[in-house]
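> Pasting the sequence and the predicted coordinates here, then a few questions.
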Amino acid sequence: AVSADDVVFSHPLNAGDEVRRASPLLHSFPALRSADLPAVQPGLSSHLYDARRVEALRDEQAPALAPGSEVRGGTRLFQFQAACPFRAFAVLRLDARAPEEPEPGLDAMARGMLLHRALESLWNSLGSHAALCGMAEDALMTAIHAAVQRALEELARDRSQTLTGRFREIEARRLAHLMRAWLEQEKARAPFRVVAAEQEAVIRLGNLVLKGRMDRVDELDDGARVILDYKTGKTSIKGWEGERPDEPQLPLYAVDMRRRQPVAAALFAQLRAGELGFSGLAARDGIAPKVKPAGDSEGAWQAQLDVWQATLTNLAEAFR
């Protein structure tokens, strides 16, 4: 009590439903009411608060992009916009990203990159279905191993501490075995030649401009294009359906390609050990094993492309 003329103690009256009493140390002091206490003099914060001028603003709509704007993120734009428009805005316009979690060895993304690079290198060497079918087994395995080594060397520039010694040998053997098994699926297709592998594409849709990268584009004997997307996980073309498709990348490439060349099919190439195969939609039967046509006629395929174009244009305009 020597530090001030008046000292005020306080204690809680309740803790949830439990009634609390003051400490026995305070029993000799009189209880006070709020009215017994001197009025609190307003401080600077109170003066600032009283002088405030508040403007109410509804900030639920982002500023629209100008027509023809080029956007980042590539084809993920349509996947994000279909799943959650706010996520599309946060990731692609605000650049909000979660930090990556490290994994031992190679993560799924790195293994996918490795497979893409090896297949790109192999098809740049083979060039066509005819070359694949006419190649002797020894020559084919030599081409596969060369493609695998080129892919490993490229990835090792960034993963030099991972792709060393025994681990690199295991990855090379795994990849070569997977690719050799996959080529049997390619042999069962209608004749084709590869016209592009890992090709960049500038896509204009719904007053937006974005960049993508097609895993592979093949040309059939009649000049029509087949667009392929390599997948190391399970795939389903159900992700192409509805107004908010889960996997809009291949439909987007097909719609864009149609502006320049006739398109005959959009195919997932599933390179998953024990579950190799194609899935997708085509203009007609026989283009790839187990891939069904979009309908009874060529018109059904073109109608499907029209539906995709309308759906994707709506998503692009909603994002813009």
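Now that the structure is in, tell me what you want to look at.
> For the most centrally placed residue in the chain, which residues are in contact?
Compute the mean C-alpha point of the chain, and by Cα atoms, centre = their mean the closest residue is Arg76, 5.0 Å away. Applying Cβ atoms under 8 Å, 6 or more residues apart in numbering to Arg76 gives the contacts Val91, Leu92. The way it works is simple: take the backbone N, C-alpha and C, and place the C-beta from them, glycine included.
> Arg216 versus that one, what's the distance?
19 Å (Cβ to Cβ, to the nearest Å).
> Kindly report the same for Ser45.
Taken as Cβ to Cβ, the span from Ser45 to Arg216 is 65 Å.
> Just want to know which of these two has more residues nearby.
For Ser45 and Arg216, the more surrounded residue by other Cβ atoms under 10 Å is Arg216, and the numbers stand at 21 against 8.
> Need the phi and psi values for Lys211.
For Lys211, the backbone dihedrals (degrees, to the nearest 10) come out as phi -110, psi 140.
> wait, Gly242
Here Gly242 shows phi and psi, under degrees, to the nearest 10, equal to phi 80, psi 180.
> from now on call the first residue 51
Taking 51 as the first residue, the last one we looked at is Gly292.
> check which helix or strand covers the closest residue to it other than its chain neighbours.
With Cβ to Cβ, 6 or more residues apart in numbering as the measure, Thr361 is the residue that lies nearest to Gly292, at 7.8 Å, once sequence neighbours are left out. Following DSSP states H and E, one finds Thr361 within helix 348-369.
> Quick check, Ala251 in contact with Met264.
Yes: applying Cβ atoms under 8 Å as the test, Ala251 and Met264 come out as touching, 5.8 Å apart.
> Which one of those two is surrounded by more residues?
More neighbours surround Met264 than the other of Ala251 and Met264, with 22 against 17 (other Cβ under 10 Å).
> Next, the buried residues of stretch 121-139.
Of all the residues in stretch 121-139, those buried under the rule 16 or more other Cβ atoms under 10 Å are Val121, Gly123, Gly124, Thr125, Arg126, Leu127, Phe128, Gln129, Phe130, Gln131, Ala132, Ala138.
> Nearest to Ala231 among these?
Thr125 (28.3 Å; Cβ to Cβ).
> Could you give the average pLDDT over the helix or strand containing Glu219?
Assigned by DSSP H and E, Glu219 belongs to helix 215-237. Averaged over helix 215-237, pLDDT sits at 92.
> Ok, stretch 108-123 next?
87.
> Now that stretch - C-alpha only, PDB.
Presented in PDB, the C-alpha positions along stretch 108-123 are these (Å, rounded to 0.1, in the frame of the first residue of the first chain):
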ATOM      1  CA  ARG A 108     -17.700  -5.500 -49.600                       C
ATOM      2  CA  ASP A 109     -14.500  -7.200 -50.800                       C
ATOM      3  CA  GLU A 110     -15.900 -10.500 -52.000                       C
ATOM      4  CA  GLN A 111     -15.200  -9.900 -55.700                       C
ATOM      5  CA  ALA A 112     -11.600  -9.600 -57.100                       C
ATOM      6  CA  PRO A 113     -10.800  -7.000 -59.800                       C
ATOM      7  CA  ALA A 114     -11.500  -8.500 -63.200                       C
ATOM      8  CA  LEU A 115      -8.700  -9.200 -65.500                       C
ATOM      9  CA  ALA A 116      -8.600  -7.300 -68.800                       C
ATOM     10  CA  PRO A 117      -9.700  -9.300 -71.900                       C
ATOM     11  CA  GLY A 118      -6.700 -11.100 -73.400                       C
ATOM     12  CA  SER A 119      -4.800 -11.200 -70.100                       C
ATOM     13  CA  GLU A 120      -2.000 -13.800 -69.900                       C
ATOM     14  CA  VAL A 121      -2.300 -15.800 -66.600                       C
ATOM     15  CA  ARG A 122       0.100 -18.000 -64.700                       C
ATOM     16  CA  GLY A 123      -0.500 -21.500 -63.600                       C
END
